[in-house]
Structure formats: C-alpha cells, structure tokens
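>>> 3D, please:
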Amino acid sequence: MSDITSLFSPGAANTQSIENIPYYQPIGNECALFEVAYRQRLPLLIKGPTGCGKTRFIAHMAARLGRSLHTVSCHDDLTAADLTGRYLLKGGETIWMDGPLTRAVREGGICYLDEIVEARKDVTVVLHPLTDDRHILPLERTGEILQAPDEFMLVVSYNPGYQNILKSLKPSTRQRFVSINFDFPPPDIETQIIATESGLSEEHCTPLVNLAQQLRKLKDVDLEEVVSTRLLIYCAVLIKSGLDPFQATEAALVESLCDDPDIKEGLFELVRAIYG
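Purely as a prediction, here's the structure:
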C-alpha cells in the first residue's frame, strides 16, 4: 500500500483556527490562485524543485479552506487500487476498504498526489474522470460511480528536474490541470522562512541563505540536486541547538548533497568563504 497520511479530520470544514493553520509565507499570488481553483472545481498541478514548499503550501491551503487533506506519496509500485480501494479479509469476511482518493471524494476533501510522475500509468487513467466536466470516480470493483461534491479538489505535484523520457507527465494529462510553478523563495523571504521555522535569528540565517545562493549555481555542474529550503531549515535547527555552523553545514548540507570527495571539498570551500 502507498504511504498515506491524513493531516486533518474528516468533515472539519470551516473549523480551522489560525493557530492550527501550518505556516506558509506566500511568494506571489499562489494562495489566491489555489482558492479560485478550489471554488471553480479545477484540478491543480504544482511543479517545482525538491524542498521548495509545495507540500507545506498544500497543507496550509487545506487548513485555510477547512478541508480534510489526504496525501499520497507516489512511487513505482503505486496502483490505481491503492488510490480507489480494495476488498480485504477481516474477521472471516470480505469487506471493501476505501483508498485515499475515494475517501477524499466521499468526504469532499482534498486529495494530494505527491510526485505524480513516479506512479504507474494506470493511476493517471483513474484521475481522468475527476479532471473533466464529469467530476466522477468510477469504482469498477464495487460498481459504484461516485459524484465528486463541490468541496472535493484534486492536487498533484512533481519535480520537473526529475522527469525523463520514461517518467514524465503526458501532455494530455497536464492539460487537465491548472498549473502553478514553484521555485525557491527570494533571499529575504527565504531568510524569514528559515528563521520562523527554526527559531534562529534572521541575522544568523542570512549566511545560510547566502551559502544557498552560491550552492544553487552548481546545479547540473557539480550537483545533481541543489540545496533546498528544507535542508537550510534543518541546518538552522542544528545551529540553534548549539552546533558549530561548520559542523551543522557539513551534516545538513554538504553530506546531504553529494558523496564525491572532490566535490565535497569544493562545497566546504564555499562554507569557509561564507563563515570565514
């Protein structure tokens, strides 16, 4: 079965207090666009690099709209049945167990499929009736045809940098979604995010963001993937906990980004240039 988490209680519409809404710092008009897509029953595609805030953004918006959120981390073995449901043996009898997509449709919640390109092709086929004007989910195994309520929303995401000829989203599927492109925040906003999430002062977060700006220039040159905002937060947490900045950057950034000794030495040179 897929890795599935429900972040909010079913039927919790319009009951989220501000204190319970996950922190998210808007960069542009993404919050307004999400709300319009939700109100107009439009499926949403979010694309962007690893650790840039896609998942946090969706959790924030689900809480803000007061909807239950069903998150599925897609992978090679994810099947349509993992999403829709299957028959299980329980206490000597066979019962039907809804999958996360079916639960979201029944509850009028938000179903979020993270890294949709990692899923098998039959998964995207299941989504098609939900992403056109039918707004239905046929359950072949039970014979049901579920009509998605107005409150239901389908959101998917992927990292364009991970796409290749074998794993990509078909143009016919992409054109079923309204899309938002994410990237890493501007330095001033990223500094604010790291400080808020870690508790480290903005003054001490600024060198981390400066370091990240230098590291991100190495994308596709020395590094397969660049440093994410998530890793910068981890590093700030280590520093806030009393770890020396050099030890913190080694553990949270350098060692997490690569294994090659020569490249790591080059990264350490950047760290030394920032922290002196």
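
>>> where do the strands of this structure begin and end?
Ranges of strands within the chain are 3-6, 44-47, 69-73, 85-90, 93-98, 110-114, 136-139, 144-147, 153-158, 178-181, based on DSSP state E.

>>> as CSV, these with distance to residue 168, mean neighbour count and mean pLDDT would be great.
For glycine as for every other residue, the C-beta is placed from the backbone atoms N, C-alpha and C. Shown next, in CSV, are these (distance: least, CB to CB, whole Å; neighbours: other CB atoms under 10 Å; pLDDT from 0 to 100):
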stretch, distance to residue 168, mean neighbour count, mean pLDDT
strand 3-6, 22, 13, 36
strand 44-47, 12, 23, 97
strand 69-73, 19, 23, 96
strand 85-90, 28, 12, 92
strand 93-98, 30, 11, 94
strand 110-114, 15, 26, 97
strand 136-139, 25, 17, 96
strand 144-147, 29, 14, 96
strand 153-158, 9, 25, 96
strand 178-181, 15, 15, 97
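
>>> now those strands as TSV including distance to residue 232?
Formatted as TSV, those follow (distance: least, CB to CB, whole Å):
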stretch	distance to residue 232
strand 3-6	24
strand 44-47	20
strand 69-73	22
strand 85-90	39
strand 93-98	38
strand 110-114	21
strand 136-139	39
strand 144-147	42
strand 153-158	20
strand 178-181	21
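
>>> can you give me the pLDDT of the closest residue to residue 223 other than its chain neighbours?
Nearest in space to residue 223, with sequence neighbours left out and distances taken as CB to CB, 6 or more residues apart in numbering, is residue 257 at 5.7 Å. At residue 257, the model reports a pLDDT of 93.

>>> from residue 116, how far out is the residue lying closest to residue 154 once chain neighbours are set aside?
Distances taken as CB to CB, 6+ apart place residue 43 nearest to residue 154, at 4.4 Å, with adjacent residues excluded. The gap separating residue 43 from residue 116 is 11 Å, by CB to CB, to the nearest Å.

>>> my read is that the residue nearest to residue 223 contacts residue 228, right?
No. Look at residue 257 against residue 228 with CB atoms under 8 Å: they stay out of range, at 9.6 Å.

>>> so what sits against both of residue 43 and residue 116?
Taking CB atoms under 8 Å, 6 or more residues apart in numbering as the criterion, residue 43 and residue 116 both touch residue 156.

>>> more neighbours, these two?
residue 116 (23 against 20; other CB atoms under 10 Å).

>>> any idea what the closest residue in space to that one that isn't next to it in sequence is bridged to?
Nearest residue to residue 116, sequence neighbours excluded (CB to CB, 6+ apart): residue 156, at 4.1 Å. For residue 156, the beta-bridge partners are residue 45, residue 113 (DSSP bridges).

>>> ok, back up a step: pLDDT value on the residue nearest to residue 154, please?
Per-residue pLDDT puts residue 43 at 98.

>>> and the helices in this structure?
Along the chain, counting by DSSP state H, helices occupy 30-39, 54-65, 80-84, 100-107, 121-127, 171-174, 187-198, 202-215, 229-240, 245-249, 255-257, 261-275.

>>> quick test: name the residue nearest the centre of the chain.
When CA atoms, centre = their mean is applied to the chain, the residue found nearest the centroid is residue 55 (2.8 Å).

>>> ok, that residue - contacts?
With CB under 8 Å, 6+ apart, residue 55 has these contacts: 71, 112, 114, 157.

>>> what about the closest residue to the third one other than its chain neighbours, distance to residue 217?
Setting aside the residues directly before and after it, residue 114 is nearest to residue 73 in space (CB to CB, 6+ apart), at 5.0 Å. Counting by CB to CB, the gap from residue 73 to residue 217 is 30 Å.

>>> and if you look at residue 193?
20 Å.

>>> neighbour count winner among those two?
residue 193 (23 against 11).

>>> shouldn't that one be in contact with residue 229?
Yes. A contact is recorded between residue 193 and residue 229 when judged using CB under 8 Å, the distance being 6.3 Å.

>>> okay, and the common contacts of these two?
53, 185.

>>> bridged to residue 181, which residues?
Note on residue 181: beta-bridge partners by DSSP bridges are residue 47.

>>> mind checking how far it is from residue 45?
Distance of residue 181 to residue 45, given as CB to CB: 10 Å.
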